[in-house]
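Q: here you go, sequence then predicted model.
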Amino acid sequence: MSDIDQMPVTMTVNGKKVQRFVDPRTLLIHFLREDLNITGPHIGCETSHCGACTVDLDGKSIKACTLFAVQANGAQITTIEGMANADGTLSALQEGFRQMHGLQCGFCTPGMITRAHRLLQENPNPTEEEIRFGIAGNLCRCTGYQNIVKAIQYAAAKLQGREFQEAAE
């Protein structure tokens, strides 16, 4: 494809404005990974079923394999790379996943944390059922989800200034 067939895109990714020319058929996930070298969002199924490519776009969780980069023109995008605190320390969710052992192989983790971030923005104190429903579009093949749920509960408590209390099993 020649340069003449490419389209300009401008967006803010993890707080930094980026401008590029892209093939109009380039998926956002490929633009992030290949053009911007932002490799936290993973390519899993490329059919929107697994959620490994989940990013936050203009305040909504989206699967970056379902959107063309040109459709994100002008958008604010946050990936897992933009989730840490401004001072570089782990966010409450990242800390929760670490403390509660919410990951094993780690493949789903960036998309899971990004989705959980939006979930907690929408519902700061979700029940276990609401968490499970909220992350239903993100698949994990390793953990069985129990520790992922605990990690999100941990983060919710921390963000509210409460001590996390694990429920007795």
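A: Happy to help now that I have it. Numbering: from 1, shown residues only.
Q: and Met7, backbone torsions?
A: phi -120, psi 150 (degrees, to the nearest 10).
Q: beta-bridge partners for it, please?
A: Here Met7 sits in beta bridges with Val22, as judged by DSSP bridges.
Q: what does the pLDDT read for Leu32?
A: On pLDDT, Leu32 comes in at 98.
Q: which segments of this protein make up each domain?
A: Listed by automatic domain parsing, the domain ranges of the chain are 3-81, 92-159.
Q: got CSV for those, with mean neighbour count too?
A: Where C-beta positions appear, they are placed from N, C-alpha and C, glycine not excepted. Below are these laid out as CSV (neighbours: other C-beta atoms under 10 Å):
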stretch, mean neighbour count
domain 3-81, 18
domain 92-159, 19
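Q: turn the ones you listed into a markdown table, including distance to Glu166.
A: A markdown table is the format used below for these (distance: least, C-beta to C-beta, whole Å):
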| stretch | distance to Glu166 |
| --- | --- |
| domain 3-81 | 25 |
| domain 92-159 | 7 |
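Q: dead centre of the protein: give me the residue that sits there.
A: Thr114 (2.5 Å; C-alpha atoms, centre = their mean).
Q: shouldn't that one be within a helix?
A: Yes. Judged by DSSP: H, G, I helix; E, B strand; the rest coil, Thr114 forms part of a helix.
Q: for it, give me its contacts.
A: Thr114 sits next to 41, 54-56, 61, 78-80, 83 when contact means C-beta atoms under 8 Å, 6 or more residues apart in numbering.
Q: spatially nearest residue to it (excluding sequence neighbours)?
A: Thr54 (4.8 Å; C-beta to C-beta, 6 or more residues apart in numbering).
Q: now Lys63
A: Lys63's closest residue in space is Ser48 (C-beta to C-beta, 6+ apart), at 4.6 Å.
Q: repeat that for His117.
A: In space, His117 is closest to Leu93, 5.8 Å off (C-beta to C-beta, 6+ apart).
Q: that neighbour against Leu120, yeah?
A: Yes. Taking contacts as C-beta atoms under 8 Å, Leu93 lies within contact range of Leu120: 7.3 Å.
Q: contacting residues around the residue nearest to Lys63?
A: Contacts of Ser48 by C-beta under 8 Å, 6+ apart are 63, 65-66.
Q: related to what we said a few turns ago, can you pull the pLDDT of the residue nearest to Thr114?
A: 98.
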